[in-house]
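*Asks:* need the 3D shape of this:
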Amino acid sequence: MKVKVISRSADEFTRERSQDLQRVFRNYDPDLRSQEKSVEYVRALNAAKLDKIFARPFIGAMDGHVDAVSSMAKNPNHLKGIFSGSMDGDIRLWDLAIRRTVCQFPGHQGAVGGLTVSTDGRVLVSCGTDSTVRLWNVPLPSLMDSGDIFNSEAKEPLAVYVWKNAFRAVDHQWNGDLFATAGAQVDIWNHNRSQPVNSFEWGIDTSISVRFNPGEPNILATSGSDRSITLFDLRLSSPARKIIMRTKTNSIAWNPMEPMNFTAANEDSNCYSYDARKLNEARCVHKDHTSAIMDIDYSPTGREFVTGSYDRTVRIFQYNGGHSREIYHTKRMQRVFCVKFSCDASYVISGSDDTNLRLWKAKASEQLGVVLPRERKKHEYLEAVKNRYKHLPEVKRIVRHRHLPKAIFNALHLRRVKTDSERKKTENRRAHSAPGSVAEVSVRKRRIIQEVE
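*Replies:* The predicted structure follows:
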C-alpha cells in the first residue's frame, strides 16, 4: 500500500513580514466574482474621497528674505539644496530638509534677475539689474549635510563681469561651459572670459527669458517684450525661427523627457505647449489661471509642470492636459514670481512677493515618511482603481473639485461667461454669413500672429 504525505511550507500560507496573518488566496475567474466592478467602483469612490480628506499639500515656509523673491535655481547634484534671489540683491542657499538658510551670497546692488547652476553643480551664476554677472563657488553637499552654517562675509564671487545693460534672466548650458543671459540682447558667455563670446538679437526689443535645450546643447529659446518666442542655434550666426504671439511670454521651459517640446507661460493667463519643429500651432493650451503666469518649470519626469501666477496661486498641469490637476494657495501668499520642481519630482517650491519661499507636496495627499511595502501596494492599487473609473460622473466630480478663493472663483466665472459669449457670437456670425466667408480658426492657432523663419 502506498501512502502519500501532504507537506506544506509556512511561507506559502502566511504573509511576508508577519507570521500571524493568514495569506488570502484569490481566484480571479470573472465567473466567480460577479460583483467585481461594483466593488471596485465603490473602492474608487472611497479612494477619491479619502484623497480629499488627507490632502495637506503645504509643508512649510522659509522666511529670511526682506524683499520679494524674484528667481530660484536648483542644484542638479544636490537634492535638498535650492538657491533663491530677491529684489534687494540678496542670494541665499536653503536646505529644504530643515528649511533654513545655509549660505548667503551678497554682492548685487539691484534685483536679482536670474540664477542658474552649472551641470556639474560647482558654479552658481547670477545676474541682475545692476548690469553685472557674478560667478559663485557652490558649497559642497557634504558640508551642507554636516550642518555647518557659512559665514556670509566670507563668500566672495569667483568672477564679476560688468556689462552695458541690465539682465533679466540667465541659464546654463547642459553638458557645457557656456551660459546665456537675456537683456537688451541675448549674450553667450564663457566661464573664463569677461566678454560675451557671441550675441544674438532679432529686433530691438528686450529679451525676458532664456532656456537651453536639455537634449541639444546648442539650441536655446528666448521670449521678448515684443511678444515673440525665438529659437537660436549657437552654430549659426543668425536666429533659427521666431513666432509673434498676441501677448507677451514671461517664461519658457523645455520638457526634459521630450526635448523637442517646450511650454510657454503667457501673459494672457494660459500656457502653450509647442513642438520646436512645428511652430505654426500649439500642441496644447493649458488654461485655469486668471492672471499673468510669471514662471514655469517641468518635473524631471517630463509628465507634469508647475506654474506660478500673478493671481497668487500655484498650479500643477499634466504635460498634455488642458486644465490643472492641483491648485495651491494660502491667505498670506501674494503674487508668485518663481516656481521650481524638486529634483526628485516629489515637492514644489514657490517664491512670492511676500518675501517667503513655500514648500509644497507635488501630490497633495501623499504620505510623508516611511511607507511599508503593503502600504505602498495598497496606494498603488487605489490609484489604479481611480484611474480605471475616473470617467464616471461621481468619481470625476470628486476628483476635479477644488476649493478656490472667492476672487479666483468669481474671475473664473467671468472668464467662462466671456468665452461662451464669444463662441456664441462666432457661431451666429458663421450661421448668417455666406458659406466659407467666416474662417474657423482653432484656439491653438488663434494666439499666433506671425511666424518668421
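*Asks:* now do the SS call for Y41.
*Replies:* Secondary structure for Y41, judged by DSSP: H, G, I helix; E, B strand; the rest coil, is helix.
*Asks:* so which elements touch the host helix or strand of S199?
*Replies:* If you go by DSSP states H and E, S199 is part of strand 198-200. Helices and strands touching strand 198-200, by 3 or more Cβ pairs under 8 Å, 6 or more residues apart in numbering; DSSP states H and E, are strand 186-190. From N, CA and C alone the C-beta is placed, and that goes for glycine too.
*Asks:* may I have the strands that pair with the strand it packs on, each with its orientation?
*Replies:* Strand 186-190 pairs in its sheet with strand 178-182 (antiparallel), strand 198-200 (antiparallel), by DSSP bridges.
*Asks:* can you lay out the ones you listed as JSON lines showing mean neighbour count?
*Replies:* JSON lines is the format used below for the strands paired with strand 186-190 (neighbours: other Cβ atoms under 10 Å):
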{"stretch": "strand 178-182", "mean neighbour count": "24"}
{"stretch": "strand 198-200", "mean neighbour count": "16"}
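*Asks:* and those, which one is worst for confidence?
*Replies:* Among the strands paired with strand 186-190, strand 198-200 carries the lowest mean pLDDT, a mean of 87.
*Asks:* relative to the next helix or strand after the strand holding S199, what are the paired strands and their orientations?
*Replies:* Going down the chain from strand 198-200, the next helix or strand is strand 207-212, by DSSP H and E. Using DSSP bridges, the strands paired with strand 207-212 are strand 219-224 (antiparallel).
*Asks:* in CSV: the strands paired with strand 186-190, plus distance to L372.
*Replies:* Putting the strands paired with strand 186-190 into CSV (distance: least, Cβ to Cβ, whole Å) gives the following:
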stretch, distance to L372
strand 178-182, 45
strand 198-200, 54
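*Asks:* between the ones you listed, which one is nearest to G302?
*Replies:* Closest to G302 of the strands paired with strand 186-190 is strand 178-182 (Cβ to Cβ; 22.2 Å).
*Asks:* contacts for that closest one, please.
*Replies:* Applying Cβ atoms under 8 Å, 6 or more residues apart in numbering, the contact partners of strand 178-182 are 114, 116, 118, 125, 127, 133, 167-173, 186-191, 197, 206-210, 212, 220, 222, 234.
*Asks:* just the buried ones from those?
*Replies:* Among the contacts of strand 178-182, those classed as buried by 16 or more other Cβ atoms under 10 Å are 114, 116, 118, 125, 127, 133, 167-173, 186-189, 207-210, 212, 220, 222, 234.
*Asks:* could you pull out the helices for this structure?
*Replies:* Per DSSP state H, the chain carries helices over the ranges 10-13, 36-53, 141-145, 373-388, 393-400, 406-431, 443-446.
*Asks:* now do the buried residues in stretch 274-282.
*Replies:* Going by neighbour count (16+ other Cβ under 10 Å), the buried part of stretch 274-282 is 274, 276, 279, 281-282.
*Asks:* stretch 259-278 now?
*Replies:* For stretch 259-278, the neighbour count (16+ other Cβ under 10 Å) marks 259, 261-274, 276 as buried.
*Asks:* so for it, what's the average pLDDT?
*Replies:* Average pLDDT, stretch 259-278: 94.
*Asks:* so how many other residues sit close to W94?
*Replies:* 22 (other Cβ atoms under 10 Å).
*Asks:* beta-bridge partners for it, please?
*Replies:* So, taking DSSP bridges as the rule, W94 has I82, T101 as bridge partners.
*Asks:* how near is it to A169?
*Replies:* Taking Cβ to Cβ, to the nearest Å as the measure, W94 falls 21 Å from A169.
*Asks:* now H78
*Replies:* Remark: distance between H78 and A169 (Cβ to Cβ) = 22 Å.
*Asks:* shaky segments in the protein?
*Replies:* Counting by pLDDT under 70, the chain shows low-confidence ranges at 8, 10-25, 142-154, 204, 453.
*Asks:* repeat that for 50
*Replies:* Scanning the chain for pLDDT under 50 picks out the ranges 151-154.
*Asks:* and it, what are its domains?
*Replies:* For the chain, automatic domain parsing gives the domain ranges 32-55+371-401, 58-364.
*Asks:* wait, which of these is closest to Q450?
*Replies:* So among the domains of the chain, domain 58-364 is nearest, using Cβ to Cβ, at 4.5 Å.
*Asks:* now R241: closest residue in space, sequence neighbours ignored.
*Replies:* Nearest non-adjacent residue to R241, counting by Cβ to Cβ, 6 or more residues apart in numbering: L231, 4.7 Å away.
*Asks:* so how far is I316 from the closest residue to L50 other than its chain neighbours?
*Replies:* Closest residue to L50 apart from its sequence neighbours, by Cβ to Cβ, 6+ apart: S365 at 7.5 Å. As judged by Cβ to Cβ, S365 and I316 stand 13 Å apart.
*Asks:* same thing with T249?
*Replies:* T249 sits at a distance of 20 Å from I316 (criterion: Cβ to Cβ).
*Asks:* likewise for K445?
*Replies:* Relative to I316, and taking Cβ to Cβ, K445 is found at 27 Å.
*Asks:* who has more neighbours out of these two?
*Replies:* Taking other Cβ under 10 Å, K445 and I316 do not tie; I316 has more neighbours (23 against 10).
*Asks:* pull the contacting residues for the more buried one.
*Replies:* Applying Cβ under 8 Å, 6+ apart, we find I316 in contact with 304-307, 324-326, 328, 348, 362.
*Asks:* out of these, which comes closest to T426?
*Replies:* Closest approach to T426 among the contacts of I316 (Cβ to Cβ): S324, at 26.1 Å.
*Asks:* and the closest one, how many neighbours?
*Replies:* Counted with other Cβ under 10 Å, the neighbours of S324 add up to 22.
*Asks:* got a list of what L234 touches?
*Replies:* Here L234 is in contact with 178, 188, 198, 218-220 (Cβ under 8 Å, 6+ apart).
*Asks:* again, but for N261
*Replies:* 254-255, 273-276, 283, 319.
*Asks:* surely N190 and Q173 touch.
*Replies:* No: using Cβ atoms under 8 Å, N190 makes no contact with Q173, being 10.0 Å away.
*Asks:* understood, closing this out.
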